[in-house]
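J.: Give me the fold of what follows.
(one chain, ligands or ions: 2)
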Amino acid sequence: MAELKVLFATSEVAPLIKTGGLADVSAALPAALRAIGVDAHVLVPGYNQVMAQLTQHEVVAVFDNLPGFPSSRLLSGKMAHNIPLLVLDCPSLYQRDGGPYQDVTGHDWADNALRFGLLSKVASVLGSSASPLDWHPDLVHCNDWQTGLIPAYLHFAQGAAPSIIAIHNLAFQGIFPPATVLQLGLPPSCFSINGVEFYGSMSFLKAGLYYADHITTVSPNYAREIQQAELGFGLQGLLFERRDSLTGMLNGIDTEEWNPADDHHLAMQYSVADMTGKATNKQALQKKLGLNPDPDVPLLGVVSRFTHQKGLDLLLEIAPRLTELPAQLAMLGSGEAHMQKTARDLSHRYPGKIGAVIGFSEDLSHQIEAGADMFVMPSRFEPCGLNQLYSQRYGTPPIVHATGGLSDSVVDCTPATLKDGTASGFMFDGMTAENLFIAIQRAIGLYHDKIKWKALCKNCMTKNFSWHHSAEAYLAVYRKVLGQQG
Ligand code: ADP
Ligand code: GLC
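T.: Numbers count the residues shown, from 1 in each chain. Ligands and ions are numbered 1, 2, ... in the order given. Predicted structure coming up:
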């Protein structure tokens with residue numbers, strides 16, 4: 001069978017530009033696909049951060065007549081693992097100080113519809129017979145709302161490749177006024193319930209979910225949850241209708257980037273065979289965050305966006321009680337101002353016991369995964385979640401709410417699961433601060449039983465979270481969409 005060619009369109013990709021897990025997936029999944037013979041190319045906007053790291057490139061196309069859009073260029077380069085990279089260069093839309101979606105003050109860019117409309121438009125041109133490139137994808141793989149218009153544009157294009165859309169987070173939808181439809185060059189007829197219309201507005205995500213040939217999401221459990229009102233964010237009806245074209249596949253992780261035995265961010269490397277380095281990393285983390293250098297007090301780690309989704313409000317609420325257990329808390333994150341303030345205030349009120357760093361630091365994120373004894377992730381909903389996967393690989397059992405991909409990737413520790421060697425963390429049902437507190441108490445209880453704790457950490461570190469299995473599952477979806485036999 002000829003090599004399958006896939007255009008992987010994304011709004012972020014590590015290490016070029018990252019706000020969350022999508023960036024990690026956009027780097028690791030194409031690499032895993034290439035390893036099984038899929039010719040995946042990644043398309044990303046040319047933000048400042050991306051342009052600065054694009055050392056060698058070639059201009060492969062110019063788009064100066066896309067109605068409604070400023071002119072742009074397509075640059076071709078290479079990412080890590082030799083993955084072919086296409087960068088959409090349009091300085092007036094992408095080269096500004098700030099993040100990919102928001103300005104420095106945390107407000108969405110006012111022209112996001114145009115910015116991600118252009119990304120979608122160009123991807124659809126590349127996936128159609130109008131493409132100026134010699135490389136023609138058999139399929140376009142879209143990710144989240146920023147690429148949601150690709151399937152819509154492809155639907156109205158000549159010689160169009162099929163598309164799939166991967167939902168990484170249904171909470172972000174790309175909702176804009178109805179006039180956006182015409183501004184972005186889509187036919188007025190698609191502003192309909194059978195199209196891009198969503199409660200009187202235009203929705204990029206709805207467009208993707210409606211027009212894509214197949215929908216995927218990043219865990220099997222989340223695929224079920226989004227068909228119901230509680231976590232469907234208004235799209236549950238459409239997702240239920242399309243359930244036969246909806247597949248949930250658990251994310252993997254980049255096992256080279258996240259490898260405690262070979263991680264240059266750490267004070268000392270370690271492995272399941274020799275855990276000495278874990279204690280050294282705990283010491284280094286305590287020092288870095290101004291925590292008391294006590295090796296026996298359990299240290300809880302957090303690396304997270306500070307948003308309602310992540311449920312950190314519950315942890316902040318019980319933080320004072322945790323210090324009395326005793327336990328220490330090391331937090332890294334940024335997001336909603338009130339949570340940042342509470343985290344900072346707590347670190348001032350409980351010096352030596354609670355440490356908080358507000359910001360984004362790749363270095364510290366690895367150091368927390370390694371140096372903490374347990375990792376806390378009480379998400380209200382979690383499409384997949386990567387940090388609980390990283391923490392297991394680093395022998396740092398996660399404490400999680402039973403939702404989404406957390407349920408699919410963590411096995412609650414009970415006498416039975418400890419005995420059969422599957423236990424890998426602590427899970428609580430019922431999103432209350434008290435339930436989180438009880439789960440943490442359970443974890444700390446086991447922590448003080450050194451033999452059992454060691455067994456739990458070993459279970460975590462020997463689990464297989466590589467992308468290989470899911471890459472095969474994506475390939476099966478591609479083949480299904482293309483009508484090929486597996
Ligand atoms: P989400 O994508 O919803 O934020 P995930 O768990 O899938 O959640 O992925 C989050 C990714 O972003 C992880 O790689 C995590 O380490 C990283 N991350 C989140 N916040 C920070 C931060 N403040 N500094 C460094 N890395 C962070
Ligand atoms: C989203 C989700 C997260 C998931 C990530 C990568 O940001 O919130 O759960 O792991 O995408 O798929």
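
J.: Now do the contacts for Ser347.
T.: Met331, Ile354, Gly355, Ala356 (Cβ atoms under 8 Å, 6 or more residues apart in numbering). C-beta here means a position set from N, CA and C on the backbone, and glycine is covered the same way.

J.: Can you tell me which of those end up in strands?
T.: Met331, Ile354, Gly355, Ala356 (DSSP state E).

J.: Take those residues and write them to CSV, including pLDDT and distance to ligand 1.
T.: CSV is the format used below for these (pLDDT from 0 to 100; distance: Cβ to the nearest ligand atom, whole Å):
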residue, pLDDT, distance to ligand 1
Met331, 98, 9
Ile354, 98, 17
Gly355, 98, 14
Ala356, 98, 11
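
J.: The stretch 151-300 of the chain: helices as residue ranges?
T.: Ranges of helices in the stretch 151-300 of the chain, per DSSP state H, counting those that start in this stretch, are 180-183, 204-211, 220-225, 229-232, 236-241, 276-288.

J.: Of those, flag the one that's most buried.
T.: Using mean count of other Cβ atoms under 10 Å, the stretch among the helices of the stretch 151-300 of the chain with the largest mean neighbour count is helix 204-211, at a mean of 27.

J.: Check whether it comes near ligand 2.
T.: No: Helix 204-211 lies out of reach of ligand 2 by Cβ under 6 Å from any ligand atom, never closer than 13.0 Å.

J.: For the stretch 351-486 of the chain, which residues are neighbours of ligand 2?
T.: Checking the stretch 351-486 of the chain against ligand 2 by Cβ under 6 Å from any ligand atom, the hits are Glu382, Pro383, Cys384, Gly385, Leu386, Gly405.

J.: Redo the residues you listed as TSV? Include neighbour count, distance to ligand 1 and secondary structure.
T.: Converted to TSV, these look like this (neighbours: other Cβ atoms under 10 Å; distance: Cβ to the nearest ligand atom, whole Å; DSSP: H, G, I helix; E, B strand; the rest coil):
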residue	neighbour count	distance to ligand 1	secondary structure
Glu382	30	7	coil
Pro383	30	7	coil
Cys384	26	6	coil
Gly385	29	4	coil
Leu386	25	4	coil
Gly405	28	8	helix
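
J.: quick check, nearest of these to Asp97?
T.: Leu386 (27.2 Å; Cβ to Cβ).

J.: Work out for me the element Ala439 sits within.
T.: helix 433-447 (DSSP states H and E).

J.: which other helices and strands contact that helix?
T.: When contacts are defined as 3 or more Cβ pairs under 8 Å, 6 or more residues apart in numbering; DSSP states H and E, helix 433-447 packs onto helix 312-324, strand 374-377, strand 398-401, strand 426-428, helix 450-461.

J.: Dump stretch 356-369 to PDB, keeping only the CA atoms.
T.: Output of stretch 356-369 as PDB, limited to C-alpha atoms (Å, rounded to 0.1, in the frame of the first residue of the first chain):
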ATOM      1  CA  ALA A 356       4.000  28.700  44.200                       C
ATOM      2  CA  VAL A 357       5.600  29.800  41.000                       C
ATOM      3  CA  ILE A 358       3.300  31.800  38.700                       C
ATOM      4  CA  GLY A 359       4.400  31.500  35.100                       C
ATOM      5  CA  PHE A 360       5.400  29.000  32.500                       C
ATOM      6  CA  SER A 361       8.600  27.000  32.900                       C
ATOM      7  CA  GLU A 362       9.400  23.800  31.000                       C
ATOM      8  CA  ASP A 363      12.400  23.300  33.400                       C
ATOM      9  CA  LEU A 364      10.400  23.500  36.600                       C
ATOM     10  CA  SER A 365       7.600  21.400  35.200                       C
ATOM     11  CA  HIS A 366      10.000  18.500  34.800                       C
ATOM     12  CA  GLN A 367      11.500  19.200  38.200                       C
ATOM     13  CA  ILE A 368       8.100  19.000  39.900                       C
ATOM     14  CA  GLU A 369       7.200  15.800  38.100                       C
END
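
J.: neighbours of the residue of the chain at minimum distance from ligand 1, just the number please.
T.: Of all residues in the chain, Gly21 sits closest to ligand 1, at 2.3 Å by Cβ to the nearest ligand atom. Counted by other Cβ atoms under 10 Å, the residues lying close to Gly21 total 24.

J.: Check the gap between the residue lying closest to it once chain neighbours are set aside and Gln392 for me.
T.: For Gly21, the nearest residue in space outside its immediate sequence neighbours is Leu386; the separation is 4.5 Å by Cβ to Cβ, 6 or more residues apart in numbering. When Cβ to Cβ, to the nearest Å is the yardstick, Leu386 and Gln392 sit 11 Å from each other.

J.: hang on, isn't Thr307 packed against Ala337?
T.: No: counting by Cβ atoms under 8 Å, Thr307 sits too far from Ala337 to count as a contact (11.4 Å).

J.: who's more crowded, these two?
T.: Thr307 (18 against 11).

J.: how close does the closest residue to the more buried one other than its chain neighbours sit to Asn143?
T.: With Cβ to Cβ, 6+ apart as the criterion, Thr307 has its nearest non-adjacent residue at 4.9 Å, and that residue is Gly335. Distance of Gly335 to Asn143, given as Cβ to Cβ: 21 Å.

J.: Between the two, tell me which one has more neighbours.
T.: Asn143 (26 against 17).

J.: Enumerate every residue touching the residue in the stretch 101-250 of the chain that ligand 2 sits nearest to.
T.: Closest to ligand 2 within the stretch 101-250 of the chain is His168: 3.3 Å, counting by Cβ to the nearest ligand atom. His168 makes contact with Gly21, Leu22, Val25, Asn143, Asp144, Thr217, Val218, Pro383, Cys384 under the criterion Cβ under 8 Å, 6+ apart.

J.: rerun at 7 Å
T.: Gly21, Leu22, Asn143, Asp144, Val218, Pro383 (Cβ atoms under 7 Å, 6 or more residues apart in numbering).

J.: can you tell me which of these are in strands?
T.: Counting by DSSP E, the contacts of His168 place Asn143 in strands.

J.: would JSON lines of the contacts of His168 with pLDDT and distance to Thr10 be doable?
T.: Formatted as JSON lines, these follow (pLDDT from 0 to 100; distance: Cβ to Cβ, whole Å):
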{"residue": "Gly21", "pLDDT": "96", "distance to Thr10": "12"}
{"residue": "Leu22", "pLDDT": "98", "distance to Thr10": "7"}
{"residue": "Asn143", "pLDDT": "98", "distance to Thr10": "5"}
{"residue": "Asp144", "pLDDT": "98", "distance to Thr10": "8"}
{"residue": "Val218", "pLDDT": "98", "distance to Thr10": "13"}
{"residue": "Pro383", "pLDDT": "98", "distance to Thr10": "15"}
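
J.: quick one: which of the contacts of His168 is nearest to Gly98?
T.: Leu22 (17.7 Å).

J.: My read is that Val357 contacts Ser334, right?
T.: No: between Val357 and Ser334 there is no contact under Cβ atoms under 7 Å: 9.1 Å.

J.: Can you read off the pLDDT for the residue of the stretch 101-250 of the chain closest to ligand 2?
T.: His168 carries a pLDDT value of 98.
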